[in-house]
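Asks: This is a predicted model, with the sequence first.
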Amino acid sequence: MPTRVAIVGSSGRMGTLISALVEADPEFELVAQITSRDSLEAIEGADLVVDVTVPVVSQQVVERCVALGINVLVGTSGWSSERLAGIRRLLGAEPESGVVVIPNFSLGSVLATSLATHAAKFFDSIEIVEAHHASKVDSPSGTAVRTAELMGAAREDLGPVAAPHVDQRARGQQVASIPIHSVRMQGVSARQDVYFGGEGERVTISHETLSRTSYHTGISVSLRAAREAKGLTVGLDKLIDVGMPSHERT
Ligand SMILES: NC(=O)C1=CN([C@@H]2O[C@H](COP(=O)(O)OP(=O)(O)OC[C@H]3O[C@@H](n4cnc5c(N)ncnc54)[C@H](OP(=O)(O)O)[C@@H]3O)[C@@H](O)[C@H]2O)C=CC1
Ligand SMILES: O=C(O)C1=N[C@H](C(=O)O)C[C@H](O)C1
């Protein structure tokens with residue numbers, strides 16, 4: 001029996017892509033496509049919900065899925081460690097439910113984040129610059145927030161990075177003390193550069209998404225993991241071994 005999938009945000013860029021991948025996959029059956037004009041009640045016949053909407057809606061979708069005991073795969077950004085902690089608390093009362101949050105479905109991105117997390121232990125001066133297409137409605141990107149939080153956790157014993165200019169707005173939004181600078185413009189899909197400054201040297205870890213085809217494998221792996229999941233899983237690095245230690249504390 002194929003797993004029955006409902007997609008919330010199906011008319012969007014990611015929703016359209018995931019709908020096509022689900023329809024082409026014999027292990028899954030697309031049973032509901034939900035947009036801002038539809039009621040969320042349509043998820044009730046599904047075994048698995050995929051959420052690719054906007055942060056405020058994503059929270060509602062996840063809470064509803066947990067209450068209904070339907071597993072959910074979340075691609076939407078905005079899931080900070082604080083918000084994830086809330087979901088973990090909810091799941092404490094529903095141990096059979098599974099929530100899988102994937103800030104970035106691209107293998108290259110998750111590898112770049114893992115490399116940056118490792119490098120963060122060796123430099124006290126760190127900045128993230130992320131650039132996305134002009135239609136992206138949120139900032140900073142979910143990937144940048146996740147990268148900053150993982151770097152912050154890896155540096156737990158080292159203290160905040162050397163970025164004390166909090167009163168200057170152009171110095172970015174600090175997440176785990178690391179400044180994130182967001183660029184939104186035409187001609188870009190998704191790019192992230194993490195800069196590490198040291199004595200007389202600089203390291204840059206860059207990743208660029210040139211096409212959404214980079215998400216295909218990660219989506220396929222995540223759909224399969226999400227239908228079996230129990231509890232909270234965060235990040236494609238939990239599903240694909242990128243050969244780096246986990247620094248996560250939350
Ligand atoms: N994890 C990853 O690798 C990736 C994650 N993302 C993230 O995925 C999310 C979606 O991105 P993208 O597809 O580009 O965004 P789009 O703006 O293209 O699509 C947003 C979708 O959300 C729907 N939506 C908005 N409000 C509601 C609502 N109240 N109820 C139900 N559906 C609603 C929209 O429906 P309508 O058409 O009716 O407005 C639309 O289908 C973003 O948070 C983005 O950051 C993006 C790329 C990769
Ligand atoms: O909106 C996008 O396009 C993307 N959003 C995700 C994010 O916020 O990190 C993932 C990827 O960067 C593309």
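Replies: Arrived safely. Model, not experiment: these values are computed from the prediction. Ligands and ions are numbered 1, 2, ... in the order given.

Asks: Surely Val66 is in contact with Arg88?
Replies: No - with contacts counted by Cβ atoms under 8 Å, Val66 stays clear of Arg88, the gap being 10.6 Å. (Each C-beta comes from the backbone N, C-alpha and C, glycine too.)

Asks: more crowded one of those two?
Replies: Val66 (20 against 15; other Cβ atoms under 10 Å).

Asks: Whichever strand or helix holds the more buried one vs ligand 1: in contact?
Replies: If you go by DSSP states H and E, Val66 is part of helix 55-68. Yes - using Cβ under 6 Å from any ligand atom, helix 55-68 reaches ligand 1 at Val57.

Asks: Please see if the very next helix or strand once past that helix touches ligand 1.
Replies: Counting by DSSP H and E, the next helix or strand C-terminal to helix 55-68 is strand 71-74. No - against ligand 1, strand 71-74 shows no contacts by Cβ under 6 Å from any ligand atom, the least distance being 8.1 Å.

Asks: immediately after strand 71-74, which helix or strand?
Replies: With DSSP H and E, the next secondary element past strand 71-74 is helix 81-92.

Asks: Up against ligand 1, what does this protein have?
Replies: Counting by Cβ under 6 Å from any ligand atom, the chain comes close to ligand 1 at 8-15, 34-37, 52-54, 57, 75-77, 102-105, 138, 142, 215.

Asks: Is it possible to mark the buried ones in the residues you listed?
Replies: Buried by 16 or more other Cβ atoms under 10 Å: 8-10, 12, 14-15, 34, 52-54, 57, 75-77, 102-105, 138, 142, 215, out of these.

Asks: restrict these to contacts with ligand 2.
Replies: Answer for those near ligand 2 (Cβ under 6 Å from any ligand atom): 77, 103-104, 142.

Asks: In helices only, show me those.
Replies: Counting by DSSP state H, these place Gly142 in helices.

Asks: which two in the ones next to ligand 2 among the buried ones among the residues of the chain next to ligand 1 are spaced the farthest apart?
Replies: The span of those, defined through Cβ to Cβ, is set by Ser77 and Asn104 at 9.1 Å.

Asks: Quickly list what's touching both of those two.
Replies: Residues touching both Ser77 and Asn104 (Cβ atoms under 8 Å, 6 or more residues apart in numbering): 142-143.

Asks: Just want the most central residue of the chain.
Replies: With distances taken as Cα atoms, centre = their mean, Pro103 lies nearest the centre of the chain, 0.9 Å away.

Asks: Give me the neighbour count for Glu156.
Replies: Counted by other Cβ under 10 Å, the residues lying close to Glu156 total 11.

Asks: ok, now how distant is it from Pro140?
Replies: 21 Å (Cβ to Cβ, to the nearest Å).

Asks: got it, and Val183?
Replies: From Val183 over to Pro140 the distance is 10 Å, taken as Cβ to Cβ.

Asks: Those two - which one has more neighbours?
Replies: Pro140 (22 against 12).

Asks: Could you say whether the more buried one sits in a helix, a strand or coil?
Replies: The local conformation at Pro140, judged by DSSP: H, G, I helix; E, B strand; the rest coil, is coil.

Asks: what about the closest residue to Arg212 other than its chain neighbours, which SS state?
Replies: Among residues not flanking Arg212 along the chain, Leu17 sits closest, at 5.6 Å (Cβ to Cβ, 6 or more residues apart in numbering). Three-state assignment for Leu17 (three-state DSSP): helix.
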